[in-house]
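**Student:** I would like the atomic coordinates for the input below:
(chains A and B)
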Amino acid sequence: MQKRSVANLVLFAALCLLAAVFLIPLVIVLINSFKSSLYISGAPFELPNAETFNGLNNYINGLTTSGFFAAFLRSVFITVVSVILIVVGTAMTAWYIVRVKSRFNKALYYIFVFSMIVPFQMVMYTMTYIVNKVNFDNVFGITLVYLGFGAGLSVFMLSGFIKSIPLEIEEAATIDGCNPLQSFFMVVLPILKPTAITVAILNAMWIWNDYLLPYLVLGTDEKTIPVAIQIAMQGAYGATDYGGLMAMLVLAIIPIIIFYASCQKYIIKGVVAGAVKG
Amino acid sequence: MNTSLKKYFPIFVLPTLLAFILAFILPFVIGVGLSFTEFTTVENASFNGVQNYIRAFTTDTDFLRSLGFTAAFTIVSVVTVNVFAFMLSLALTRSIRGTNLFRSVFFMPNLIGGIVLGYIWNLLINGVLSAFGVDITFKTEYGFWGLVILTNWQLIGYMMVIYIAGLQNIPTSLLEAASIDGASSFKTLMKIKIPMVMPSITICTFLTLTNSFKMFDQNLALTAGAPEKTTEMLALNIYNTFYGRVGWQGVGQAKAVVFFVIVAIIAFFQLRLTGSREVEH
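**Tutor:** Model (predicted):
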């Protein structure tokens, strides 16, 4: 017993060290966000001193010139609206194609599943062209593009769950006089809640962090956070404002940490469920 | 039930289906078609057979090189991520203090997006290398190992969580029986724990495999292919062929088809190995 507790103590110390290694990169970014641009890329591991300390200037100047606040709001809007569309849209679709048996629906299901394995590069060029043609290249249109792209995984996960719901529950609702819309929103959707949360989390993380799709569809005039960061890094004529960049990284990470801290259980469960199925 | 719901197709399915057609089905079908044509915009495509595929593998030497780089990076990442993640999961299923907190910390980087991750590690690695007067674009090896470190930091916690779930599913009676029989902890690991978590190992291997193979954002932010495109992975190579070289769009689309076929083959093997996913559920 004695031997075991010593081993555990050593292990505990090792894990503390490793946890520090995992957190240090974020701490370094935070520290550098308070230093002036000249002292960041050359000496990122030095603490700010009287000469290098830049107060909140990075947050004020860097973020104003890069249009970060607009990008932040845009990212929030696109993520929230897309996730709502995906959860409601694909839940309705999944319920319909599971409950109405037809060859068409079956084929549709397999096309949705198929789309999960197709890499984005395969469709990016033609998708951008089509989206431009139908004038979906704006913050509203892009949410529908996300609905189309997110449909595969979401329909797949929700269908799997719907198949396990006993038909009797829905039949009871029909007998009680519910039309399909009422049955869906009042009976089916509440039962789907656990899987719907998983679907929402997986899609929210993907859309919030997505770079290439918004860059291709919206361009550089309507930046999301990842696009704003990428553009700031490329800088105007090679001159990168590292201070502003650090401030942007910090503000890009903070919402993720808040989100993680507030619904960690769901996130880990959702990501693992998505992994096992995707 | 069946018949009354049937009429609701336009409400239940049509909106999602239209978005799906617009964002996926049409681009996919047109994309496959365009790979056999020469074009600079979708409208001026002219059929040229398998010319693009030939050019992708012969005239453009970068493609094969990026395929090799991607394969090497993927193999190293799969091994390192899974070994570390499994070791961590063994440590965190023992009765020590703060396991939940450790799990949360190790998992967290997985939530941060590729572009942000790339620039965090760009800062750190260049910071270290600046002591030697160079940066990450100085040598191909720097970029390679930079990407490996980044991927480990991002994926270890994710895989660890899956391994922990696998380890916790091992019936305690099995472990108790082993300890009564006097099995050493190494023997328990080899004879019970590893065989029992084989399904998790399969899942994690494929997850790391596809994640590494399809990597784009991290690659773009960390090295952008420098030096001389030698750290350019497949996805970035395809992107650059499309948007960086006029007249090469057809070749880009052909490369994308090849990329898709490789990913599809990986997915096919995954399905075969993990069995029917319905059973998993």
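**Student:** looking at the stretch 51-200 of chain A, which residue is nearest chain B?
**Tutor:** Nearest residue of the stretch 51-200 of chain A to chain B (Cβ to the nearest Cβ) works out as A:G148 at 2.8 Å. Every residue, glycine included, has its C-beta placed from N, CA and C.
**Student:** where does the closest residue to that residue other than its chain neighbours fall, phi/psi-wise?
**Tutor:** Of all residues beyond its chain neighbours, the one nearest A:G148 is B:A23 (2.8 Å), with distances taken as Cβ to Cβ, 6 or more residues apart in numbering or on different chains. Phi and psi for B:A23, reported as degrees, to the nearest 10, are phi -90, psi -20.
**Student:** can you check B:I96 too?
**Tutor:** According to degrees, to the nearest 10, B:I96 has phi -120, psi 160.
**Student:** correct me if wrong: it contacts A:A13.
**Tutor:** No: the pair B:I96 / A:A13 is not scored as a contact, 10.3 Å apart, by Cβ atoms under 8 Å.
**Student:** so for these two, which sits in the more crowded spot?
**Tutor:** A direct count of neighbours by other Cβ atoms under 10 Å in any protein chain shown for B:I96 and A:A13 places B:I96 higher, at 16 against 10.
**Student:** break down the stretch 1-150 of chain B into its strands, ranges please.
**Tutor:** With strands called from DSSP state E, counting those that start in this stretch, the stretch 1-150 of chain B shows them at B:37-38, B:46-47.
**Student:** most packed of those strands?
**Tutor:** strand B:37-38 (a mean of 18; mean count of other Cβ atoms under 10 Å in any protein chain shown).
**Student:** reformat the strands of the stretch 1-150 of chain B as a markdown table; add distance to A:L181 and mean pLDDT.
**Tutor:** Listed next are the strands of the stretch 1-150 of chain B as a markdown table, based on distance: least, Cβ to Cβ, whole Å; pLDDT from 0 to 100:
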| stretch | distance to A:L181 | mean pLDDT |
| --- | --- | --- |
| strand B:37-38 | 45 | 91 |
| strand B:46-47 | 48 | 88 |
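**Student:** nearest to chain A, of those strands?
**Tutor:** strand B:37-38 (11.9 Å).
**Student:** any bit of the closest one sitting next to chain A?
**Tutor:** No: interface with chain A: strand B:37-38 contributes nothing (Cβ under 8 Å from any Cβ of the partner chain), its closest point being 11.9 Å away.
**Student:** outside of that strand, which residues touch it?
**Tutor:** Strand B:37-38 is contacted from outside by B:A45, B:S46, B:F47, B:N48, B:Q51, B:N52, B:G247, B:G250, using Cβ atoms under 8 Å, 6 or more residues apart in numbering or on different chains.
**Student:** spell out which helix or strand contains the residue lying closest to B:T241 once chain neighbours are set aside, please.
**Tutor:** Once flanking residues are discounted, B:T241 sits nearest to B:G252: 3.7 Å by Cβ to Cβ, 6+ apart. In this structure, B:G252 sits in helix B:249-274 according to DSSP states H and E.
**Student:** give me the distance between that helix and the centre of its chain.
**Tutor:** Distance of helix B:249-274 from the chain centroid (Cα atoms, centre = their mean, to the nearest Å) equals 13 Å.
**Student:** hang on, the earlier thing: for the residue nearest to B:T241, grab the count of nearby residues.
**Tutor:** Counted with other Cβ under 10 Å, B:G252 comes out at 26.
**Student:** list the contacts of it.
**Tutor:** A:Y125, B:I238, B:Y239, B:T241, B:F242, B:R245.
**Student:** B:G225 in helix, strand or coil?
**Tutor:** For B:G225, the assignment made with DSSP: H, G, I helix; E, B strand; the rest coil gives coil.
**Student:** so what's the backbone phi/psi at A:F53?
**Tutor:** Backbone geometry at A:F53, expressed as degrees, to the nearest 10, gives phi -70, psi 130.
**Student:** would you agree it is in contact with A:K35?
**Tutor:** Yes: at 6.7 Å, A:F53 and A:K35 qualify as touching, with contact defined as Cβ under 8 Å.
**Student:** neighbour count: these two, which is higher?
**Tutor:** A:K35 (25 against 13).
**Student:** that one and A:A50: what is the separation?
**Tutor:** The gap separating A:K35 from A:A50 is 12 Å, by Cβ to Cβ, to the nearest Å.
**Student:** isn't B:P227 up against B:F138?
**Tutor:** Yes: judged on Cβ under 8 Å, B:P227 makes contact with B:F138 at a distance of 6.8 Å.
**Student:** same question for the helix holding B:G252, mean pLDDT?
**Tutor:** For helix B:249-274, mean pLDDT is 90.
**Student:** show me what counts as buried in that helix.
**Tutor:** B:249-260, B:262-263, B:266-267, B:270 (16 or more other Cβ atoms under 10 Å in any protein chain shown).
**Student:** cool, stretch A:130-143 as well?
**Tutor:** A:I130, A:V131, A:F136, A:D137, A:V139, A:G141, A:I142, A:T143.
**Student:** contacts for that stretch next, please.
**Tutor:** In contact with stretch A:130-143 (Cβ under 8 Å, 6+ apart) are residues A:74, A:77-78, A:81-82, A:85, A:144-145, A:213-214, A:217-219, A:222, B:22-23, B:26-27, B:30.
**Student:** circling back to that earlier point, max pairwise distance over the contacts of B:G252: which two?
**Tutor:** Farthest-apart pair in the contacts of B:G252 is A:Y125 and B:R245; separation 12.9 Å (Cβ to Cβ).
**Student:** between the two, which is the more surrounded one?
**Tutor:** A:Y125 (25 against 12).
**Student:** any idea how far that one lies from B:T70?
**Tutor:** 20 Å.
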